[in-house]
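Engineer: structure for this input, please:
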Amino acid sequence: MRTALRGLAVALALMMIILVSALSSIRIAFSTGPGAKIDIFTQREPYSGRGSNVSSDAFGPGEMVQVFALVTYNENPVQGTPVAFEILGPDNPSGQIMFFRSGFTDENGMVMINFRIPYLSGSTFGNWVAYGSAKIGELTVADTVSFKVGWIVEIVSIRTVDEGHRYQENFTRENYVGIELALRSIAMAQKKVTLTIMIYDALSMCANSTETNDFVVPPNGVLVYSYSSMYIPKTAFIGDAYAYASAYTSSPNLGGMPYCPEVSTHFLIMTRDVAVVSVLPSSMFLYEGETVNVDVSVRNKGWEAESFNVRAYCNSTLIGMVPVSGLEPFTDTALQFAWNTEGAQEGVYLISAMADHVPGETEFSDNSLNDGFVEVRAKPEPPPPPPNLFHDIAVLNVTTSSYFAYIGDVVDINVIVKNFGNYTESFNLTVFTDAVAFKTSLVQALAPGSKRTLVFHWDTTQVREGNYMLSASASNIPDETNYDNNRYVDGTVTIATAPRREFVPEWFYWFLLLLLLILVGILLLALSYRRRKKSQAAFYSGWTAWYYGYDLRGKNRRLARS
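Structural biologist: Next comes the predicted model:
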């Protein structure tokens, strides 16, 4: 069997040598009319390359290429004629692919060779040419068929876009991310493609996926775009995210195979959130016609600088609007509104503040905050002031349990207030850390000339590292004229991150205890041994030896002679 195969190989080699040498000396005719003719084409119908020097449809990596030769004379098939084939790959720096084949026509004048396009070899991508020639009588005829090799359908690019198909990289949860795919095909006929897209969040968990069937890609390298919109769920993790896209011959669950490698792009899942964190009126009650200041603190909880409007209300009536511009992420800002109660009816009013929604915001529950109630009383007829009667409350001192603390410690803030006037007073006392109000407490029925100490517990668990100025402010009371002593600034408290503590394993203390017990035991044994030796020495000397009649000196002499 091996001998027969070797003989066949030698015969084929000799035939190829004869054919190649004949081609150099024989006139070759590319004929399209009657007479001798050869047509080279592939199996790619309807664009197989039938006809003289006509191109065939494209092939992809790993595909089997069948090259046919049809030899005729006056349109009749010629049987038993040898046909020489030469296959040339694209020109490239690594060397042009070139190989030769041959065969004999059958009763239909047909002969076929085949070969497979290599997988994932960049040198195979480009234009291929298959040459075929045959000799009929004294005339040698030849034909060629060319075809492209590459990704039949290729995803050229992928990017994330907004609703207007403009490039955008940042997206928020509970909103949509647009995916733009650019595709082209090297085939001569349009292709129906199944497109799949998946998005992964910062922990590489699949946040969403989509599949588009029968997407039409036009032939001959025409660029076409596909747009998809994918919902980012609230459960997606914030941070770097990725979108992956693939093109298949059909749905993968139906056995579809990829046309080309998967493509991916990066985008960012982020939050945009503004919140009202405190609303503090300067007084809990006032008379009609007076002005109450409303201090509002807002915070940017998101990842982008935000600009928005903040509105303050008494019940549903607008007090005022203040714009906030370029508030940096994770930053607070303090705003102040003035409510002039002129014309307000006597009653209790709910004080609140509301921040406008910013684009892409999904958490709206913290955009508004109700502080509490402010009582507006009817303006009383001013009685004639009694002699030497006046209102004057003051903050005498602000002290703290420590001017340095670690994050998570509780700092006690002691505030001493005094009523310098001769009316019993009730008022609000507010403690500030920097410009942010920390807590407000009601001081009730402070008698004339008396003092009172209030203690505030400042939990620094949620406080950032830094220096904070402590101060306390007492609200203005009606008819008070001296406001200079209503506020007291204490000093700066430093909040720092707690240092790491060295870890000592529990067994280390048990080891020290065991070592101590061993040393005590050794000491007790040594004392016992010394006491026993001393007792024996005492027995053989002095009155004890005399009493028992021991001749210690004679014994010692005998011991010495021995």
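
Engineer: residue closest to the middle of the chain?
Structural biologist: Gly239 (2.0 Å; CA atoms, centre = their mean).

Engineer: quick one: pLDDT of the spatially closest residue to that one that is not a sequence neighbour?
Structural biologist: Leaving aside its sequence neighbours, Gly239 sits nearest to Ala202 (CB to CB, 6 or more residues apart in numbering; 3.0 Å). No exception for glycine: its C-beta is placed from N, CA and C like everyone else's. We have a pLDDT of 91 for Ala202.

Engineer: neighbouring contacts of stretch 254-268?
Structural biologist: The contact list for stretch 254-268, computed with CB atoms under 8 Å, 6 or more residues apart in numbering, reads 60, 151-155, 157-160, 169-171, 177, 181, 191, 193-194, 239-250.

Engineer: please pick the buried ones from those residues.
Structural biologist: 60, 151-155, 158-160, 171, 177, 181, 191, 193-194, 241, 243-249 (16 or more other CB atoms under 10 Å).

Engineer: now the strands for the stretch 451-562 of the chain?
Structural biologist: Here the stretch 451-562 of the chain has its strands, by DSSP state E, counting those that start in this stretch, at 451-459, 466-474, 487-496.

Engineer: and the ones you listed, which is most packed in?
Structural biologist: strand 466-474 (a mean of 19; mean count of other CB atoms under 10 Å).

Engineer: what residues are bridge-paired with Gly491?
Structural biologist: Using DSSP bridges, the beta-bridge partners of Gly491 come out as Leu470.

Engineer: now, which of the buried ones among the contacts of stretch 254-268 lie within strands?
Structural biologist: Taking DSSP state E as the definition of strands, those contribute 153-155, 158-160, 171, 177, 181, 191, 193-194, 241, 243-248.

Engineer: contacting residues for the residue nearest to Gly60 when sequence neighbours are not counted?
Structural biologist: Nearest residue to Gly60 in three dimensions, chain neighbours excluded: Ile152, at 4.6 Å (CB to CB, 6+ apart). Residues in contact with Ile152 (CB under 8 Å, 6+ apart) are Ala58, Phe59, Gly60, Ser185, Ile186, Ala187, Lys191, Tyr259, Cys260.

Engineer: mind running it again at 6 Å?
Structural biologist: Neighbouring residues of Ile152 by CB atoms under 6 Å, 6 or more residues apart in numbering: Ala58, Gly60, Ala187, Tyr259.

Engineer: mind putting these into CSV with distance to Val277, pLDDT and secondary structure?
Structural biologist: Formatted as CSV, these follow (distance: CB to CB, whole Å; pLDDT from 0 to 100; DSSP: H, G, I helix; E, B strand; the rest coil):
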residue, distance to Val277, pLDDT, secondary structure
Ala58, 63, 96, coil
Gly60, 60, 93, coil
Ala187, 61, 95, coil
Tyr259, 54, 94, coil
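
Engineer: quick one: which of those has the most company?
Structural biologist: For the contacts of Ile152, the largest number of neighbours (other CB atoms under 10 Å) sits with Ala58, at 24 neighbours.

Engineer: just list the residues touching it, thanks.
Structural biologist: Ala58 is in contact with Phe147, Lys148, Ile152, Ile186, Ala187, counting by CB under 6 Å, 6+ apart.

Engineer: next, give phi and psi for Leu70.
Structural biologist: Per-residue torsions, Leu70: phi -110, psi 120 (degrees, to the nearest 10).

Engineer: what separates the nearest residue to it once chain neighbours are set aside from Ser52, distance-wise?
Structural biologist: Excluding its sequence neighbours, the residue lying closest to Leu70 (CB to CB, 6+ apart) is Asp39, at 4.5 Å. Using CB to CB, to the nearest Å, one obtains 7 Å as the distance from Asp39 to Ser52.

Engineer: who has more neighbours out of the two?
Structural biologist: Applying other CB under 10 Å to Asp39 and Ser52 shows that Asp39 carries more neighbours, namely 23 against 16.

Engineer: what's the helix or strand for that one?
Structural biologist: strand 36-42 (DSSP states H and E).

Engineer: residues in contact with that strand?
Structural biologist: 31, 48-50, 56, 67-73, 130, 132, 134, 136, 139, 141, 143, 145.

Engineer: what about burial for those residues, which qualify?
Structural biologist: 48-50, 56, 67-73, 130, 132, 134, 136, 139, 141, 143, 145.

Engineer: which of these fall in strands?
Structural biologist: Short answer: the buried ones among the contacts of strand 36-42 in strands (DSSP E) are 67-73, 130, 132, 134, 136, 139, 141, 143, 145.

Engineer: can you list residues touching both of Asp39 and Ser52?
Structural biologist: Listed as contacting both Asp39 and Ser52 by CB under 6 Å, 6+ apart are Asp143.

Engineer: count of residues packed around Ile40?
Structural biologist: For Ile40, the neighbour count with other CB under 10 Å is 28.

Engineer: so in terms of bridging, what pairs with it?
Structural biologist: Beta-bridge partners recorded for Ile40 (DSSP bridges): Ala69.

Engineer: mind checking how far it is from Val489?
Structural biologist: 96 Å.

Engineer: surely Arg173 meets Lys234?
Structural biologist: Yes - look at Arg173 against Lys234 with CB atoms under 6 Å: they come within range, at 5.2 Å.

Engineer: those two - which one has more neighbours?
Structural biologist: Arg173 (21 against 8).

Engineer: one step back: could I get the phi/psi values of the residue nearest to Gly60?
Structural biologist: When read as degrees, to the nearest 10, the backbone of Ile152 gives phi -60, psi -50.

Engineer: tell me the pLDDT at it?
Structural biologist: pLDDT, Ile152: 94.

Engineer: just Phe267 next, same as before
Structural biologist: Phe267 is assigned a predicted lDDT (pLDDT) of 94.

Engineer: distance of the closest residue to Phe99 other than its chain neighbours from Val129?
Structural biologist: Once flanking residues are discounted, Phe99 sits nearest to Ile87: 5.4 Å by CB to CB, 6+ apart. Ile87 is 8 Å from Val129, where distance means CB to CB.

Engineer: please apply the same query to Met469.
Structural biologist: Taking CB to CB, one finds Met469 at 83 Å from Val129.

Engineer: kindly report the same for Val358.
Structural biologist: In this view, Val358 and Val129 are 61 Å apart by CB to CB.

Engineer: ok, Arg166 next?
Structural biologist: Using CB to CB, Arg166 is found at 44 Å from Val129.

Engineer: same check, this time on Val279
Structural biologist: Val279 is 80 Å from Val129, where distance means CB to CB.

Engineer: higher neighbour count, these two?
Structural biologist: Taking other CB under 10 Å, Val279 and Val129 do not tie; Val279 has more neighbours (24 against 16).

Engineer: which residue packs closest to that one, ignoring adjacent ones?
Structural biologist: Distances taken as CB to CB, 6+ apart place Asp371 nearest to Val279, at 3.7 Å, with adjacent residues excluded.

Engineer: which strand or helix spans the one you found?
Structural biologist: Element membership for Asp371, per DSSP H and E: strand 368-377.

Engineer: what packs against that strand?
Structural biologist: If you count contacts as 3 or more CB pairs under 6 Å, 6 or more residues apart in numbering; DSSP states H and E, strand 368-377 packs onto strand 274-281, strand 347-355.
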